[in-house]
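>>> Here is my input; please provide its structure:
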Amino acid sequence: MIVAIDGPAGVGKSTVAKLLASRLGFLYLDTGALYRSVGLAVLHHGIQPHDETAVGGLLPKLSLKIEVANHTVHVSLNGKDVTGELRTPAVSAAASIVSAIPEVRAWLLPIQRQIGQKGSVVAEGRDVGTKVFPAAPVKFFLEADPTVRADRRHRELVAAGHSRAIEQTSAELAGRDNRDRSRSAAPLVAADDAHHIDTSRLSAEEVVERMLAVVTAKL
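Got it, this is the predicted structure:
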């Protein structure tokens with residue numbers, strides 16, 4: 001059983017996906033963490049994220065492993081746990097750029113699908129329902145007002161110790177939206193059979209309750 005959750009940044013995908021996986025007893029897969037890991041590796045190697053040739057040449061040198069313990073995702077890059085390094089603004093920006101490179105998406109696709117073969121999974125990202133698991137029996141596409149999304153992401157960054165103006169966060173989200181929706185490889189779009197949920201005025205628990213109603217009807 002695979003539950004696919006897609007949507008742009010700031011709509012609450014990670015929060016509700018973790019809660020839903022916990023309620024259902026499913027594995028949790030954060031596909032974005034894999035792209036962030038590639039972005040982190042690119043920065044560590046001094047490669048410009050826009051340099052598709054250099055980024056492609058780095059991929060065979062990388063080994064990624066993702067595990068979930070106590071509902072927390074841990075990502076290892078070449079044997080080192082890099083989980084704590086993945087949510088910085090610099091890594092987010094690099095991940096957004098490298099995620100548009102077709103070679104990167106093709107390289108990560110089998111890794112994601114292998115995780116999906118380990119059991120029932122709640123997977124969240126930007127192309128989970130359209131590309132990674134197109135046959136998933138349950139798909140959701142989360143949306144929210146841009147102002148709400150910017151505020152959520154801003155508070156998340158500040159809580160993590162990244163001081164910045166909310167205007168900067170809003171501009172970065174807009175830029176990422178544009179890249180995600182306009183890229184040639186697996187752009188951010190809702191699957192035709194996805195259930196749409198606007199999370200602007202809903203708590204995480206309220207979103208999960210709506211999801212549970214759909215998922216349990218399929219079990």
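
>>> By residue count, what's the longest helix in the chain?
The longest helix of the chain (DSSP state H) is helix 166-182.

>>> Next secondary structure element downstream of that helix?
strand 195-198 (DSSP states H and E).

>>> Can you list the strands that that next one pairs with?
strand 138-143 (parallel) (DSSP bridges).

>>> Extract the CA atoms of the strand it pairs with and return them as CSV.
Extracted in CSV, the C-alpha atoms of strand 138-143 (Å, rounded to 0.1, in the frame of the first residue of the first chain):
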residue,chain,number,x,y,z
VAL,A,138,-4.1,6.8,-2.9
LYS,A,139,-2.7,10.1,-3.9
PHE,A,140,-2.9,13.6,-2.4
PHE,A,141,-1.9,17.0,-3.6
LEU,A,142,-1.6,19.6,-0.9
GLU,A,143,-1.9,23.3,-1.6
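
>>> what's next to the helix or strand where T53 lies, contact-wise?
Assigned by DSSP H and E, T53 falls within helix 52-58. Helix 52-58 has contacts (CB atoms under 8 Å, 6 or more residues apart in numbering) with V38, A41, V42, H45, I47, Q48, P49, V98, I101, E103, V104. Any C-beta I mention is one placed from the backbone N, CA and C, and that applies to glycine too.

>>> Taking the centroid of this protein, which residue is nearest it?
In the chain, the centroid-proximal residue (CA atoms, centre = their mean) is G32; its distance is 3.0 Å.

>>> so that residue is in which element?
helix 31-44.

>>> Likewise for V3?
Using DSSP H and E, V3 sits in strand 2-6.

>>> that older thread, buried residues, the helix holding T53. List them.
E52, V55, G56, L58 (16 or more other CB atoms under 10 Å).

>>> Tell me which helix or strand comes right after it.
strand 64-69.

>>> Can you mark which positions in that following strand are buried?
Result for strand 64-69 [16+ other CB under 10 Å]: buried residues L64, I66.

>>> Excluding sequence neighbours, find me the nearest residue to T88.
Nearest residue to T88, sequence neighbours excluded (CB to CB, 6 or more residues apart in numbering): H162, at 6.8 Å.

>>> Just to be sure, the one you found is in a strand?
No - assessed with DSSP: H, G, I helix; E, B strand; the rest coil, H162 is coil; it does not lie in a strand.

>>> residues in contact with the helix or strand bottoming out on mean pLDDT in the chain?
Within the chain, confidence by mean pLDDT, DSSP states H and E is lowest for strand 64-69 among all helices and strands, at a mean of 81. Residues outside strand 64-69 that contact it (CB under 8 Å, 6+ apart) are 27-30, 33-34, 37-38, 73-77, 108, 111, 115.

>>> C-terminal to that strand, what's the next element?
Taking DSSP H and E, what comes next after strand 64-69 is strand 72-77.

>>> Listing partners with orientation, what would you give for that following strand?
Sheet partners assigned to strand 72-77 using DSSP bridges are listed as strand 64-69 (antiparallel), strand 80-81 (antiparallel).

>>> Quick one, which of these gets closest to S203.
Of all the strands paired with strand 72-77, it is strand 64-69 that lies closest to S203, at 23.3 Å by CB to CB.

>>> Mind exporting the C-alpha coordinates of the closest one to CSV?
C-alpha atoms of strand 64-69 as CSV (Å, rounded to 0.1, in the frame of the first residue of the first chain):
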residue,chain,number,x,y,z
LEU,A,64,22.8,7.3,-0.3
LYS,A,65,20.9,5.5,2.5
ILE,A,66,17.7,6.5,4.1
GLU,A,67,16.3,5.1,7.3
VAL,A,68,13.5,6.0,9.7
ALA,A,69,13.8,5.7,13.4
